[in-house]
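> quick one, structure for this:
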Amino acid sequence: MKYQINDIELNVCDQGLGEQVLFFLHYWGGSLRTWGEVIKRLENHFRCIAYDHRGWGNSDAPPSGYRIEDLAHDAEGLIRKLGLRRYALIGHSMGGKVAQLLASWHPAGLEGLLLVAPSPPVPMTVTEEQRKRMIEAYGKRQDVEVLIQHVLTALPIPQKLYEIIIEDTLRGASQAKRAWPEVGMLEDISPAVRGINVPTLVLAGENDQVERVQTLEQELIPRIPDAQMKVIPRSGHLSPLEVPDEIAAEIQNFLVSLRPKIG
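Numbering: from 1, shown residues only. Alright, predicted model coming up:
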């Protein structure tokens, strides 16, 4: 289903049962399908909403508007459009940085923030050559395969999911592919995230080569008030696809832990 948000159409998947809502944001290169295996394990207990960021999946790809703030406004607009009253934000990698900024705005109804292998709120230091290679690596199947096998995952994944990663990556609009290494990853939202006032849990992959455990311990956890972190054994950066059982279980446990606080 598609919704008109901020003058573009966002492709949305809305499924599952329950009053409590899980609102999922995907990584740079992914789509709402990134969360499919996790949602399968949660939809009997929660209403699960995932969508394609602008420029990815089946959402519109406008020529501009790919800053972290723009993506956060898209999420905020969709939440408002759907009339969500109780929900938790769950963001992966780039989606985690977007979720941090949105949470810092104290949107009505937000009960908790769960960040999976999130990008820290501070700028990521990379050279011009590294940025160029990041963009180029998203242009050819063989290059995406190298990324999957040697950078993004630490555990084997089923062929069906492997193909989804490749399809989603190659399908992304060129402006969306450029936006993260050229703009989003360089943005500093650390002053904003100090104002996050909901329970926050960070799930870090033990063998994540993109957002390493040590980096998250140094650059993210101290900046978000009372944030807690759990390390997911053996997993890499694409933990929602590598270890969906573990990620779904941690999400469910986190939501259960909120209940005494939210009544």
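> and stretch 141-151, what's buried?
144, 147-148 (16 or more other CB atoms under 10 Å). For the C-beta atoms, the positions are set from N, CA and C on the backbone; glycine is no exception.
> which of these sits closest to Asp245?
Ile148 (20.0 Å; CB to CB).
> in strands, which of the buried residues of stretch 141-151 fall?
Assigned to strands by DSSP state E, none of the buried residues of stretch 141-151 qualify.
> narrow those residues to those in helices?
Judged by DSSP state H, helices contain the following of the buried residues of stretch 141-151: 144, 147.
> in TSV, list the buried residues of stretch 141-151 along with distance to Asp7 and pLDDT.
Shown next, in TSV, are the buried residues of stretch 141-151 (distance: CB to CB, whole Å; pLDDT from 0 to 100):
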residue	distance to Asp7	pLDDT
Val144	31	95
Leu147	32	95
Ile148	34	96
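> would you turn the buried residues of stretch 141-151 into TSV with distance to Leu155?
Converted to TSV, the buried residues of stretch 141-151 look like this (distance: CB to CB, whole Å):
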residue	distance to Leu155
Val144	18
Leu147	15
Ile148	11
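> and of the buried residues of stretch 141-151, the nearest to Pro118?
Nearest member of those to Pro118, counting by CB to CB, is Leu147, at 18.7 Å.
> tell me which helix or strand of the chain sits lowest on mean pLDDT?
The weakest-scoring helix or strand in the chain, judged by mean pLDDT, DSSP states H and E, is helix 128-137 (a mean of 84).
> and that one, what other elements does it pack with?
helix 141-147, helix 174-182 (3 or more CB pairs under 8 Å, 6 or more residues apart in numbering; DSSP states H and E).
> looking at the ones you listed, which is nearest to Met94?
Of all those, helix 174-182 comes closest under CB to CB, at 5.7 Å.
> which parts of the least confident helix or strand of the chain are buried?
Buried-residue list, helix 128-137, by 16+ other CB under 10 Å: 131, 134, 137.
> just to revisit the earlier point, can I get the helices and strands packed on helix 128-137 in JSON lines with distance to Pro222?
Shown next, in JSON lines, are the helices and strands packed on helix 128-137 (distance: least, CB to CB, whole Å):
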{"stretch": "helix 141-147", "distance to Pro222": "30"}
{"stretch": "helix 174-182", "distance to Pro222": "24"}
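> contact partners of the least confident helix or strand of the chain?
126, 143-144, 146-147, 177-178, 180-182 (CB atoms under 8 Å, 6 or more residues apart in numbering).
> shaky segments in the stretch 101-250 of the chain?
Nowhere does the stretch 101-250 of the chain drop to pLDDT under 70.
> that older thread, by how many degrees do the least confident helix or strand of the chain and helix 174-182 diverge?
Using axes from the mean of the first three to the mean of the last three CA atoms, to 10 degrees, the direction of helix 128-137 lies 150 degrees away from that of helix 174-182.
> ok now helix 128-137, how far from the chain's centre?
Here the centre of helix 128-137 is set off from its chain's centre by 21 Å, with CA atoms, centre = their mean, to the nearest Å.
> dump that helix to PDB, keeping only the CA atoms.
C-alpha atoms of helix 128-137 as PDB (Å, rounded to 0.1, in the frame of the first residue of the first chain):
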ATOM      1  CA  GLU A 128      36.800  10.800  -0.700                       C
ATOM      2  CA  GLU A 129      38.100   7.600  -2.300                       C
ATOM      3  CA  GLN A 130      36.200   5.500   0.300                       C
ATOM      4  CA  ARG A 131      33.000   7.400  -0.400                       C
ATOM      5  CA  LYS A 132      33.500   6.800  -4.200                       C
ATOM      6  CA  ARG A 133      34.000   3.100  -3.600                       C
ATOM      7  CA  MET A 134      30.900   2.900  -1.500                       C
ATOM      8  CA  ILE A 135      28.700   4.300  -4.200                       C
ATOM      9  CA  GLU A 136      30.300   2.300  -7.000                       C
ATOM     10  CA  ALA A 137      29.900  -1.000  -5.000                       C
END
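> that'll do, ta.
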